[in-house]
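[1] Could you look at this predicted model? Sequence included:
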Amino acid sequence: MANVKLSFNLDLTDQSHWITVTASQAVRSSIAYVQELGDFYCGPDYYTTRENLPSYLIKLCVSGEGTLDYEGQSYVIRPGHLFWIDCNKPQYYRTSPGADSWRILWVHFYGAPCEAYYKLFLAQNEGRAVVRPSSDMAIRSTLDTLLKLYLEGGNTLQDDVQASAMLTQLMSHCIHAAGMHSANRLPNYVIDARSYINLHYAERITLDELSRSISINKFYLQKLFKRCIGLSPNEYLIHTRLTHAKQLLRTSTTPINQIAMDVGINNIGHFITLFKRYEGITPSAYRRRWYNPDAPLAADEEAEE
């Protein structure tokens, strides 16, 4: 592991809080946990530059103004903005030049699930580290509650588990904020393509047909759809078909082969293969688990069990 590179100047007022946490080993080995957190009232000379720290950092700007340099991008952080970064990567944040102050609520955290959440955030936020939620109240409330938990002296296993739940909530709020931000900027071509798939999923849809239906180059559509939705048009079509198939499996006694055709997959073997790839079990096993334990196997599945 590379040594941490760190330089900082803590230009803070007496109102600031800074809490270091030692989470229990049981929590550290399995779920998200707090490393340290705080409420900083920063003066004009506050800054931190760092890399190679195994930690994620979320900072919410309450007032004043700061700047962040990260992953080749420079951001201005104003009230209501938050950033989420991987502290293994080089970062530099500080009170903005010319600003008198910068108040930030923040938490350093780590743990097994965090990387997946962070990647989802970046995917929803077009790779950007900064987002401005339409309302920061849920995020502000979660950070305030986390701070209060440890300010009151808690550092028991129960406190760490409660804090982990709040971290998961915080990460989810950030992903939601990024997703809402992206949704508001979805190109009309992507909206039209998604609507077309949602309406015609039971029919034969190729990329050529989809691109023709909305008058766009198919290669550009493929790239644009993947960037905005996180799935290719074909992956989105598969997800849509399987979602409808699961609804039919749970709410009807329709034979498996008929369900496959009803969602646009005419080959029962291909349907079963796709279903098992995404769900981990066969359609008949899914039906027995969620709807009818005594349901018979589909013909193609009898050989598998």
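    Noted; the coordinates are in hand.

[2] Check the gap between residue 133 and residue 147 for me.
    Using C-beta to C-beta, to the nearest Å, residue 133 is found at 19 Å from residue 147. (Each C-beta comes from the backbone N, C-alpha and C, glycine too.)

[3] dump the residue contacts of residue 97.
    residue 67 (C-beta atoms under 8 Å, 6 or more residues apart in numbering).

[4] All further residue positions should be reported with the first residue as 19.
    Sure, I'll start numbering at 19, so the last one becomes residue 115.

[5] Show residues contacting stretch 163-175.
    35, 37, 39-42, 44-45, 52, 55-57, 123, 125, 177, 180-181, 184-185, 188.

[6] Helix or strand: which one has residue 254?
    According to DSSP states H and E, residue 254 maps onto helix 251-269.

[7] Can you name every helix or strand that that helix contacts?
    helix 206-218, helix 225-231, helix 236-247, helix 274-280, helix 286-297, helix 301-308 (3 or more C-beta pairs under 8 Å, 6 or more residues apart in numbering; DSSP states H and E).

[8] Quick one: closest of those helices to residue 81.
    helix 236-247 (33.0 Å; C-beta to C-beta).

[9] Next, the buried residues of the closest one.
    239, 240, 242, 243, 246, 247 (16 or more other C-beta atoms under 10 Å).

[10] Where does the prediction get shaky in the stretch 219-323 of the chain?
    Applying pLDDT under 70 to the stretch 219-323 of the chain flags the ranges 312-323.

[11] can you pull the contacts of residue 226?
    residue 236.

[12] And residue 97, by the same measure?
    Residue 97 neighbours (C-beta under 8 Å, 6+ apart): 79, 80, 81, 82.

[13] what separates the first one from residue 147, distance-wise?
    It stands for residue 79. Residue 79 is 13 Å from residue 147, by C-beta to C-beta.

[14] among the helices and strands packed on helix 251-269, which is nearest residue 133?
    Proximity to residue 133, assessed across these by C-beta to C-beta, is greatest for helix 236-247 (21.0 Å).

[15] thinking again about what came up before, in helices only, show me the contacts of stretch 163-175.
    Under the assignment DSSP state H, these contribute 44, 45, 177, 180, 181, 184, 185, 188 to helices.

[16] For those residues, work out which two are farthest apart.
    44 and 188 (21.0 Å).

[17] ok, and the closest non-adjacent residue to the spatially most central residue of the chain?
    Geometric centre of the chain, nearest residue: residue 138, 3.2 Å, by C-alpha atoms, centre = their mean. Beyond its immediate neighbours in the sequence, the residue positioned closest to residue 138 (C-beta to C-beta, 6 or more residues apart in numbering) is residue 193, lying 5.2 Å away.
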